[in-house]
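> Could you work out the structure for the sequence below:
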Amino acid sequence: MTKQLTIGLIGLDTSHVTAFTELLNNPENQYHVAGGKVIAAFPGGSADIEMSHSRVPGFTNDLRDKYGVQILDSVEAVAEAVDAIMIEAVDGRTHIDYFRRVAPYGKPVFIDKPMTVSSSEALEIAELAQKYNIPVMSASSLRYSETLTQAIANSEKGAILGADVYSPMALEPTNPGYYWYGIHSVEMAFTILGPGCEHVTASVSEDFDVAVGVWKDGRIGVVRGNRKGNHGYGALIHHEQGPQEVIAYGPGIKPMYASMLEAVIGMFQTGQSPLPLEQSVEIMRFMEAANESRETGKRVYL
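Predicted coordinates for the structure are as follows:
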């Protein structure tokens, strides 16, 4: 029988905290994810991001009043109180400090997107995870879109030769370029093509961003971020036997949050992450390189 783990949330400035708690704590939910229950949380919040600090009170109240989550006054108190930790703060700049503080407790950790806002911090997280022998996973929920994973597994169309992906890409100066929202399309590209990107070249206008990554085996992934027009999430996967269109999110599709939580709870239960941390580090480096290229217009090697 699967053990019921206790889970702590750090950073209550994103709708993810209530969405995840609903799926984990409410057994009547159609997409309930068994095996873990949120019992404790630390609010956090970033004073220089309006959509962070302004949302903390509401989400904190919801967790406490609707789900009975205990609100604690430090990340250390949360780490002591639970079996597993989810760093949920919307501001990627805060993740490295939070992780440094919880890693010594030896608990498995999920870090919501973006893992960090620099590849050097991502490498530090990997080093700390190894030092304290803890499983760590970081991902965008788009990686677990049911339609996307089904399309990737479609062997009838042959090997995957490339991909064009798209998602909304709002910008936030404190988490520059691709880090704030572009990570969704970047994660889809890496889910389709896997690791091994060699270099990236990016272009930017007021309404759009495009980053073209070339993988070491010659395949190309095109990552498009939209601030105008198309606000959906999807991809065109190029197979040997022709292209396949994927609508990654919409009516009738299993919620991505539920699919991702199933993977996260599996990691918490087994101590084995389904997503190698090295790939998450590469994704951080891809976005860092894309940001450099969007500023300079030059090709940047990973």
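> which stretch of helix or strand covers I265?
helix 256-270 (DSSP states H and E).
> average pLDDT for that helix?
In this model, helix 256-270 has an average pLDDT of 97.
> Just the C-alpha atoms of that helix, please, in CSV.
Written as CSV, here are the backbone C-alpha positions of helix 256-270 (Å, rounded to 0.1, in the frame of the first residue of the first chain):
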residue,chain,number,x,y,z
MET,A,256,-1.6,18.7,-16.7
TYR,A,257,-1.3,19.5,-13.0
ALA,A,258,-2.7,16.1,-12.2
SER,A,259,-0.3,14.3,-14.5
MET,A,260,2.6,16.2,-13.2
LEU,A,261,1.6,15.6,-9.5
GLU,A,262,1.4,11.9,-10.2
ALA,A,263,5.1,12.0,-11.3
VAL,A,264,6.0,14.2,-8.3
ILE,A,265,4.3,11.9,-5.8
GLY,A,266,6.0,8.9,-7.5
MET,A,267,9.3,10.6,-6.9
PHE,A,268,8.4,11.4,-3.3
GLN,A,269,7.4,7.8,-2.7
THR,A,270,10.3,6.0,-4.5
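> Flag every buried residue along the helix or strand following it.
Using DSSP H and E, the helix or strand that directly follows helix 256-270 along the chain is helix 277-296. Residues of helix 277-296 classed as buried: 277, 279-291, 293-294 (neighbour count, 16 or more other C-beta atoms under 10 Å). Backbone N, C-alpha and C define where each C-beta goes, glycine included.
> Equivalent analysis for stretch 57-70, please.
So stretch 57-70, judged by 16+ other C-beta under 10 Å, has buried residues F59, T60, D62, L63, Y67, V69.
> now, which of those residues sits nearest L5?
Closest approach between the buried residues of stretch 57-70 and L5, by C-beta to C-beta: V69, at 14.7 Å.
> And the pLDDT at the closest residue to that closest one other than its chain neighbours?
Spatial nearest neighbour of V69, excluding adjacent residues (C-beta to C-beta, 6 or more residues apart in numbering): L63 at 4.0 Å. Predicted confidence (pLDDT) at L63: the value is 98.
> how many neighbours does P104 have?
Applying other C-beta atoms under 10 Å, we find 13 residues neighbouring P104.
> picking that back up, tell me which residues touch the residue nearest to V69, please.
L9, L12, V17, T18, T21, V38, A41, V69, I71 (C-beta atoms under 8 Å, 6 or more residues apart in numbering).
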